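Asker: Here's my sequence, what's the structure:
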Amino acid sequence: MNRTKNRPLVRGQISPLHAVSFALACGVPGVALLSLTVNPLTGLLGALNIVLYTSCYTPLKRLSIANTWVGAIVGAIPPVMGWTAATGSLDAGALLLGGFLYCWQFPHFNALSWNLREDYSRGGYRMMSVTHPEMCRRVALRHSLGLLGLSSLAPVTGLTTWTFPLAALPINLYIGYLALRFYRRADRQHARKLFFCSLWHLPMLLLLALSCKRRPQTQTDALPATATGAAAVAMAAEPSIVSAP
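Answerer: You can find the predicted model right below:
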């Protein structure tokens, strides 16, 4: 394949043994460090991702188009690991961040693979763009629209304020529009436009989510109005009680 022919392993600059040794030298200590210095849940997710990538996603490339869905899970796990590293828990916010990455990868990769169909076919890889071209376009459109739904769920889960789905609406509509054009008229130009849009769409979406994140309430803010008022009254009365004979 043209896109991989200059990689060191393909060119014989390193042997398969060297590649495996380097992977083990990075993977095993990496998972151990995550487990011991962060938390076991994050280490477990890291180990799971390595297994999914090496033992499921990579072999499936030559067997089934299901490789793209498995690959999307692999791409969705890193932000979930970031969440679990910070909170130690796997909750709705973590799943929502993973969902953003999962949905985004389909317009991103399906548009990329469309213009590399000949390359993938020569390499013996079973990609949607090669074996199921109409499904390739349909799945890209479906998951582009899914980003709209996930953005609407962000305030419900407490991840952001309601400003976020409104602020993200223009970029979500734009990537959906480009995916619709790619679905209706699948050519290299429309695939390229969708792909390049995906490159800036994801960082922009996450930056908007960060800027619209819901601030944690202080203890005083979390109290009901009556309780806050009662506390204020008690504080005001306290000096007179202390100074009384």
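Asker: Tell me the pLDDT of residue 224.
Answerer: At residue 224, the model reports a pLDDT of 43.
Asker: what about residue 53, distance to residue 214?
Answerer: According to C-beta to C-beta, to the nearest Å, residue 53 and residue 214 sit 33 Å apart. In this view, the C-beta of every residue, glycine as well, is placed from N, C-alpha and C.
Asker: Let me know the secondary structure of the residue most central in space within the chain.
Answerer: By C-alpha atoms, centre = their mean, the mean C-alpha position of the chain lies nearest to residue 101, the distance being 2.4 Å. Following DSSP: H, G, I helix; E, B strand; the rest coil, residue 101 is assigned to helix.
Asker: Quick one: residues contacting it.
Answerer: Taking C-beta atoms under 8 Å, 6 or more residues apart in numbering, we find residue 101 in contact with 72, 75-76, 78-79, 202.
Asker: Please, a PyMOL command that selects the buried ones among these?
Answerer: Filtering these down to the buried ones (16 or more other C-beta atoms under 10 Å) takes a single PyMOL command:
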select buried, resi 72+75+76+79+202
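Asker: Now do the same contact list for the nearest residue to residue 124 once chain neighbours are set aside.
Answerer: Using C-beta to C-beta, 6 or more residues apart in numbering and skipping the chain neighbours, the partner closest in space to residue 124 is residue 62 (5.6 Å). By C-beta under 8 Å, 6+ apart, residue 62 lies in contact with 124-126.
Asker: lowest-pLDDT helix or strand in this protein?
Answerer: Every helix and strand in the chain was compared by mean pLDDT, DSSP states H and E; the lowest is helix 225-243, with a mean of 36.
Asker: In this protein, where is pLDDT below threshold?
Answerer: Low-confidence segments of the chain, defined by pLDDT under 70: 216-245.
Asker: Try it again at 80.
Answerer: For the chain, residues meeting the criterion pLDDT under 80 lie at 1-3, 215-245.
Asker: residue boundaries of the helices in it?
Answerer: Using DSSP state H, the helices found in the chain span residues 8-11, 16-33, 40-51, 58-60, 67-87, 92-114, 117-123, 128-131, 133-156, 163-184, 188-211, 219-222, 225-243.
Asker: and the third one, what does it pack onto?
Answerer: The reference is to helix 40-51. helix 16-33, helix 67-87 (3 or more C-beta pairs under 8 Å, 6 or more residues apart in numbering; DSSP states H and E).
Asker: any chance of those in JSON lines, plus distance to residue 169?
Answerer: Rendered in JSON lines, the data for these read as follows (distance: least, C-beta to C-beta, whole Å):
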{"stretch": "helix 16-33", "distance to residue 169": "38"}
{"stretch": "helix 67-87", "distance to residue 169": "22"}
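Asker: so of these, which one's packed in deepest?
Answerer: The highest mean neighbour count among those, using mean count of other C-beta atoms under 10 Å, belongs to helix 67-87: a mean of 19.
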